[in-house]
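>>> Sequence plus predicted model, see below.
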Amino acid sequence: MGTRIGIDVGGTFTDFLVVAPDGSRLVHKTSSIPADPARAVTQGLREIAENRGESVEDFLAGVDTIVHGTTVATNALLTRRGAKTGLLVTEGFRDVLPLRDGTREEPYDNRLQPPAPLVRREHTAPIPGRFDVHGQEVTPLDEDAVRRAARLFKDEGIGAVAISFMHSYTDDRHEVRAAEILAEELGEAYVTRSADLLAQARYYDRTSSTVLNSYVGPIIREYIRVLTATLEEASFRGVLLLMQSNGGVATPEELSARAALSLLSGPASGPTAGLLEVAAHGWDRCLTVDMGGTSFDAAIVDGGRPLVMTDGKIDRWRIALPMVDIHTIGAGGGSIAAVDDGGMLRVGPQSAGAVPGPISYRRGGQVPTTTDADVVLGYISPSSFLGGGMSLDVDAARQAIGEQIGKPLGLDAIQAAAGIYDVVNVSMAAGVREITVRRGLDPRDFPIVVAGGAGPVHAAAIARELEIPLLVVPRESSIFCAAGMLVCDFKHDYVQSQHWDLAQVDSAEVAAIWRSMAERGTTTLLGEGVPEDKLEYAPSLDMRYKGQWFEINVPLPAGALDSLDITAAAREFHRLHDIQFGYHTDEMPIEVLNVRLTATGLVAGSSGTPTWGAAGAALAHLGQRDIWSPGQRRMVAADVYAGQDMVPGDEIQGPAIVELGTTSIVVLDEYDAVVDVSGSFVLYLRERAEEMRARIQTGRTPVTA
């Protein structure tokens, strides 16, 4: 196996993890270029090659695999810079996008206006022709109407079209024929058929998802083309894989056709990598938190797999494609702090980004940020930021915080910086509660796996707020999603809407649907180069009590593909309903709405074994510096350690700072830390040390699981 590279393009930095054949690992970060993300990727690869004393061509010639997560589609949507898009809908449903699903987004906010549709009304063409819910043709397709719409789109310069006809999930012949006509009239236009992308009921959800796919499709297709060509010019002859929002990887060809699967793909690898971090300690569950320069992402892994949602929203637009359930808020190192007109301190969601960035970056920033507060509080060393590659201006940060935050609040600069630290931590803790408590889960039952360049600085304070006793900070926390991409499998999701009473379900009919999905998955995975003996299939059903509005996805054992145990499926639904809603009703009839299957190609291996230093904690001690203690509400002396020199079994007591070049781990007063067998730093509450240490694998002490 040759060299492998994980690349995560973020809003502030683009992260790289290079894993050599011998298991040695290289972490690299370069500034993102929002206007040209591909250039940041190639620039980072050149920097890595130069640091190794090689040309980029020689370096890439030895690379087998590059796995890449990108925010290109997300940024195109958020900035409304997607393709000019047309939409074909069934006659009578021209206003499906502005009317949405008929519900109010915020039930108690009468003034909230829905976002402007991504497709203008004059570019939405109603087409006669319809199938009913049973797949019977009610009205033939009006092909002349499709041709007229295609010619209108051509005259209007529309380069992407979404096709979404009523009940096409039962029979897609009208959509297939419409796509053929569009190809004849529009040539290379990007076309998405709803039944091909998402064969399920709920017309608005399906239409919105299809429009999103076409809206970002040409952008992703062009980005992939440029990136692929650039890598080929630089002598890369290996395999390029791209992250999907469902936590799996796919080939560029697959993602070009299903571009919406790249929305939120950047952080989707985090939960998979987080599970690997805690599995050695006997957990099959964890929370992953990722605090970067612009945002904070939180996700759940439970029962050995990341939780996936099929009712997500991106910039308030519904997307029903399976996505790792990641809750994102505008809280990062670049989040701007300000005192509002009411005299309240607020942090985020606006961010200083990479340019101009925080004041301490010396890039022209004029407003204080979370990073500036962290520097003032002693959590980040001004001289060792990014391994010494960037010198931070602590004096400018202190002065700005004192003037812009402290003076309006009657506080000195240290107290004002502590206020910024507290506010952003409370916001992130609320984000964690949002994804746990609303599912009926107690965050105290989950260890936290910490990611992002700013994550380890704030993680202990977040855990303190949530009363979580244990945190795991991977040694490569600052580029955790890039590392996670190297351990993600191929993954493709399939769905077919049905409407059955569970008690009357024909097991043979369900099995036939699953077999058809498995055949499609097998064809796709084999085409992506996955060996046949590495294929796995995970069936599930979307179920609800009769009369309910929302359904619950119920995972089923692989054996259900051959024989569905209806009683066991009902029992699992009742259990999950009780967890999420606090009750279940055994006598209530259960409905099945969707049949689902996830096809997985198990090609991921270990991301490599880190190489250890040999110093140990005593020799890794760099001295002391003053840091802010949230518990004591004052500056206190803290020991500072060189994290790269600490080895499994090393222990330290808080308050302390562990510097890792690309991030700093803050060990608060109440916590101690130990290096585990994989080289990660495990922080645990001192008052629960005996209980927590019994589970921590250090490689030196016998462990009772």
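Done, it's in. Numbers count the residues shown, from 1 in each chain.
>>> got any ranges where the stretch 351-500 of the chain has weak pLDDT?
354, 386-389 (pLDDT under 70).
>>> can you give me the helices for it?
Counting by DSSP state H, counting those that start in this stretch, the stretch 351-500 of the chain has helices at residues 370-376, 394-401, 407-409, 413-436, 455-466, 480-485.
>>> Using JSON lines, please lay out those together with distance to Tyr671 and mean neighbour count.
(C-beta placed from N, C-alpha, C; glycine too.) Output for the helices of the stretch 351-500 of the chain, formatted as JSON lines (distance: least, C-beta to C-beta, whole Å; neighbours: other C-beta atoms under 10 Å):
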{"stretch": "helix 370-376", "distance to Tyr671": "17", "mean neighbour count": "30"}
{"stretch": "helix 394-401", "distance to Tyr671": "25", "mean neighbour count": "21"}
{"stretch": "helix 407-409", "distance to Tyr671": "29", "mean neighbour count": "14"}
{"stretch": "helix 413-436", "distance to Tyr671": "14", "mean neighbour count": "21"}
{"stretch": "helix 455-466", "distance to Tyr671": "6", "mean neighbour count": "25"}
{"stretch": "helix 480-485", "distance to Tyr671": "20", "mean neighbour count": "31"}
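>>> Looking at these, spot the one closest to Leu45.
With C-beta to C-beta as the criterion, Leu45 lies closest to helix 480-485 of those, at 12.7 Å.
>>> now for the closest one, which elements pack on it?
strand 3-9, strand 13-19, strand 63-69, helix 270-279 (3 or more C-beta pairs under 8 Å, 6 or more residues apart in numbering; DSSP states H and E).
>>> which residues of this protein score low on pLDDT?
For the chain, the ranges with pLDDT under 70 are 1, 11, 354, 386-389, 604-618, 699-705.
>>> So what are the structural domains in it, by residue number?
82-215, 490-601 (automatic domain parsing).
>>> Need the winner for burial among those.
The highest mean neighbour count among the domains of the chain, using mean count of other C-beta atoms under 10 Å, belongs to domain 82-215: a mean of 19.
>>> now it: how far from the chain's centre is it?
Here the centre of domain 82-215 is set off from its chain's centre by 28 Å, with C-alpha atoms, centre = their mean, to the nearest Å.
>>> returning to that earlier point: so which of the helices of the stretch 351-500 of the chain gets nearest Ile513?
Closest to Ile513 of these, according to C-beta to C-beta: helix 413-436, at 30.9 Å.
>>> related to what we said a few turns ago, so which of the helices of the stretch 351-500 of the chain is nearest Arg634?
Closest to Arg634 of the helices of the stretch 351-500 of the chain is helix 413-436 (C-beta to C-beta; 8.7 Å).
>>> At which residues are the helices of the stretch 501-650 of the chain located?
Listed in chain order, the helices of the stretch 501-650 of the chain (DSSP H, counting those that start in this stretch) span 507-527, 566-581, 616-620.
>>> got those helices as CSV, with distance to Asp109 columns?
Formatted as CSV, the helices of the stretch 501-650 of the chain follow (distance: least, C-beta to C-beta, whole Å):
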stretch, distance to Asp109
helix 507-527, 40
helix 566-581, 24
helix 616-620, 53
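>>> count of neighbours near Gln366?
Neighbours of Gln366 under the rule other C-beta atoms under 10 Å: 11.
>>> Check this protein for its longest helix and report it.
helix 203-233 (DSSP state H).
>>> Tell me what angle the very next helix or strand once past that one forms with strand 3-9.
The helix or strand immediately downstream of helix 203-233 is strand 239-243, counting by DSSP states H and E. Angle between the axes of strand 239-243 and strand 3-9 is 30 degrees (criterion: axes from the mean of the first three to the mean of the last three C-alpha atoms, to 10 degrees).
>>> export strand 239-243 as PDB, just CAs?
The C-alpha trace of strand 239-243 is given here as PDB (Å, rounded to 0.1, in the frame of the first residue of the first chain):
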ATOM      1  CA  VAL A 239      -7.500   6.900  -6.900                       C
ATOM      2  CA  LEU A 240      -9.400  10.100  -6.000                       C
ATOM      3  CA  LEU A 241     -12.400   9.600  -3.700                       C
ATOM      4  CA  LEU A 242     -14.800  12.200  -2.400                       C
ATOM      5  CA  MET A 243     -16.700  12.300   0.900                       C
END
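>>> buried sites along it?
Val239, Leu240, Leu241, Leu242, Met243 (16 or more other C-beta atoms under 10 Å).
>>> would you turn the residues you listed into a markdown table with distance to Val675?
Below are these laid out as a markdown table (distance: C-beta to C-beta, whole Å):
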| residue | distance to Val675 |
| --- | --- |
| Val239 | 34 |
| Leu240 | 34 |
| Leu241 | 31 |
| Leu242 | 34 |
| Met243 | 29 |
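>>> Pick the one among these closest to Ala299.
Nearest to Ala299 among the buried residues of strand 239-243, with distances taken as C-beta to C-beta, is Met243, at 13.9 Å.
>>> That closest one against Met485, yeah?
Yes - between Met243 and Met485 there is a contact under C-beta atoms under 8 Å: 5.7 Å.
>>> what's the overlap in contacts for the two?
With contacts defined as C-beta atoms under 8 Å, 6 or more residues apart in numbering, the residues shared by Met243 and Met485 are Val67, His68, Gly69, Val249, Ser269.
>>> Closest one of the residues you listed to Thr522?
Set against Thr522, the nearest of the shared contacts of Met243 and Met485 by C-beta to C-beta is Val249 (17.0 Å).
>>> Pull the contacting residues for that closest one.
Val67, Leu241, Leu242, Met243, Met485, Cys488, Asp489, Phe490, Lys491.
>>> Arg80 belongs to a strand, doesn't it?
No - Arg80 is assigned coil when assessed by DSSP: H, G, I helix; E, B strand; the rest coil, not a strand.
>>> Name the nearest residue to it, sequence neighbours excluded.
Leu118 (8.0 Å; C-beta to C-beta, 6 or more residues apart in numbering).
>>> For the closest residue to Gln399 other than its chain neighbours, which residues are in contact?
Spatial nearest neighbour of Gln399, excluding adjacent residues (C-beta to C-beta, 6+ apart): Ala413 at 7.4 Å. Applying C-beta under 8 Å, 6+ apart to Ala413 gives the contacts Val376, Arg398, Gln399, Ile401, Gly402, Gly406.
>>> measure stretch 55-71 end to end?
In stretch 55-71, first residue to last residue: 28 Å (C-alpha to C-alpha, to the nearest Å).
>>> between the helices of the stretch 351-500 of the chain, which one is nearest to Ser265?
Closest among the helices of the stretch 351-500 of the chain, once you apply C-beta to C-beta, is helix 480-485, at 9.4 Å.
>>> So what touches the closest one?
Contact with helix 480-485 is made by 6-8, 15-17, 67-69, 243, 249, 266-267, 269-274, 290, 451-452, 455, 474, 476, 607, as judged by C-beta under 8 Å, 6+ apart.
>>> Put the alpha carbons of it into CSV.
The C-alpha coordinates for helix 480-485 follow below in CSV (Å, rounded to 0.1, in the frame of the first residue of the first chain):
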residue,chain,number,x,y,z
PHE,A,480,-9.5,15.1,12.5
CYS,A,481,-12.0,15.1,9.6
ALA,A,482,-9.1,14.7,7.1
ALA,A,483,-7.9,11.8,9.2
GLY,A,484,-11.4,10.3,9.3
MET,A,485,-11.7,10.3,5.6
